[in-house]
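**Student:** mind folding the following:
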Amino acid sequence: MTAGPFDIAGRAALVTGASSGLGEHFARVLAGAGARVALAARRTDRIEALASEIGGGAVAVGMDVTDEASVAAGVAEAEAALGPLGIIINNAGVTVTKPALEVSEDDWSRVIDTNLSGCWRVAQAAARRMAETGGGSIVNIASVLGLRSAATVPAYAAAKAGLIHLTRVLALEWARHGIRVNALAPGYVITDLNRDFLASEAGQRLVARVPQRRFAELSDLDGPLLLLASEASAHMTGSVVVVDGGHNCSTV
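**Tutor:** Below is the predicted model:
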């Protein structure tokens, strides 16, 4: 049987922020599709346990995306274990939820340094290697909040908006190296961390703004992720794939 366009079997992938939430799910999806996955995060105990559970050659790589040396070392370690990286899922992120007048300089810096500068560091370190090994796909995990506004998350929204524009700039520069750079922009996704809030009265007011009248399940991201990671998106670069039930086009 010939491989289909979504085939990523045998390809080496790196997922940042893989110790929990979306990153953990993305690592499982890629491994389930046959990729050999490097799980990168600061909490090495979590990713070591996850790598053992996933199997299939999965490896744990300690990485702090706010530290350039840590990123470079983590990319090199992943390549030493798996071979040339062909897929990068740039997912590491944090948020601070406060009214804008209460956001401190430290709050702002921590979110921007992780969610925007951290993605830049990983993308650059990976692209330097990809440019020498035949290219690949970088998928930056953005957010619908990079496309529309919301109160109490000013640094997060600014970082995700910046990441979307950075995605387009890198796509423009790196296409000649065979590197595709796209963004996946989820809306509100149900996870263990936010499940209670999204089920609350406040969460129900929020879901009323979503045209499909539901929040995303993690599985709703699987197809879009595999599209951008695989050659099914061979002629896509600089694209932003929004998975939000229509929230981005809602007027409320």
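**Student:** what sits against T16?
**Tutor:** 23, 40-41, 63, 65, 88-92, 118, 122 (Cβ atoms under 8 Å, 6 or more residues apart in numbering). (C-beta placed from N, C-alpha, C; glycine too.)
**Student:** what comes into contact with stretch 173-182?
**Tutor:** Contact partners of stretch 173-182, identified using Cβ under 8 Å, 6+ apart, comprise 123, 127, 130-131, 134-140, 167, 170-171, 228, 233-234, 236-241.
**Student:** please identify the buried residues of that stretch?
**Tutor:** Using 16 or more other Cβ atoms under 10 Å as the test for burial, stretch 173-182 gives 174, 177, 179-182.
**Student:** report the mean confidence score over that stretch.
**Tutor:** Stretch 173-182 shows an average pLDDT of 98 in the prediction.
**Student:** and if you look at stretch 31-47?
**Tutor:** 97.
**Student:** how far does that stretch sit from the chain's center?
**Tutor:** Distance of stretch 31-47 from its chain centroid, counting by Cα atoms, centre = their mean, to the nearest Å, is 13 Å.
**Student:** any idea how far L85 is from L30?
**Tutor:** 12 Å (Cβ to Cβ, to the nearest Å).
**Student:** shared neighbours of these two, anything?
**Tutor:** Contact with both L30 and L85 is made by residues A13, according to Cβ under 8 Å, 6+ apart.
**Student:** hmm, back to that, tabulate the buried residues of stretch 173-182 (JSON lines), appending secondary structure.
**Tutor:** Supplementary listing: the buried residues of stretch 173-182 in JSON lines, determined by DSSP: H, G, I helix; E, B strand; the rest coil:
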{"residue": "W174", "secondary structure": "helix"}
{"residue": "H177", "secondary structure": "helix"}
{"residue": "I179", "secondary structure": "strand"}
{"residue": "R180", "secondary structure": "strand"}
{"residue": "V181", "secondary structure": "strand"}
{"residue": "N182", "secondary structure": "strand"}
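**Student:** which of the contacts of T16 fall in strands?
**Tutor:** Among the contacts of T16, the members found in strands (DSSP state E) are 40-41, 88-90.
**Student:** now, of these, which are buried?
**Tutor:** Neighbour counting with 16+ other Cβ under 10 Å marks 40-41, 88-90 as buried within the ones in strands among the contacts of T16.
**Student:** can you tell me which of the residues you listed is nearest L193?
**Tutor:** A41 (15.1 Å; Cβ to Cβ).
**Student:** how close does that closest one get to R205?
**Tutor:** Counting by Cβ to Cβ, the gap from A41 to R205 is 33 Å.
**Student:** I141: neighbouring residues, count only.
**Tutor:** Using other Cβ atoms under 10 Å, I141 is surrounded by 25 other residues.
**Student:** hang on, the earlier thing: show me the two of the buried residues of stretch 173-182 that sit farthest apart.
**Tutor:** H177 and N182 (15.1 Å).
**Student:** run the chain-centre distance for the one helix or strand in the chain whose mean pLDDT sits lowest.
**Tutor:** When the helices and strands of the chain are scored by mean pLDDT, DSSP states H and E, helix 195-199 comes last with a mean of 90. Distance of helix 195-199 from the chain centroid (Cα atoms, centre = their mean) equals 22 Å.
**Student:** and stretch 143-163, by the same measure?
**Tutor:** Relative to where its chain is centred, stretch 143-163 has its mean C-alpha point 15 Å off (Cα atoms, centre = their mean).
**Student:** same question for that stretch, mean pLDDT?
**Tutor:** Here the average pLDDT along stretch 143-163 is 96.
**Student:** what comes up buried for that stretch?
**Tutor:** By neighbour count with 16+ other Cβ under 10 Å, stretch 143-163 contains the buried residues 143-148, 153-163.
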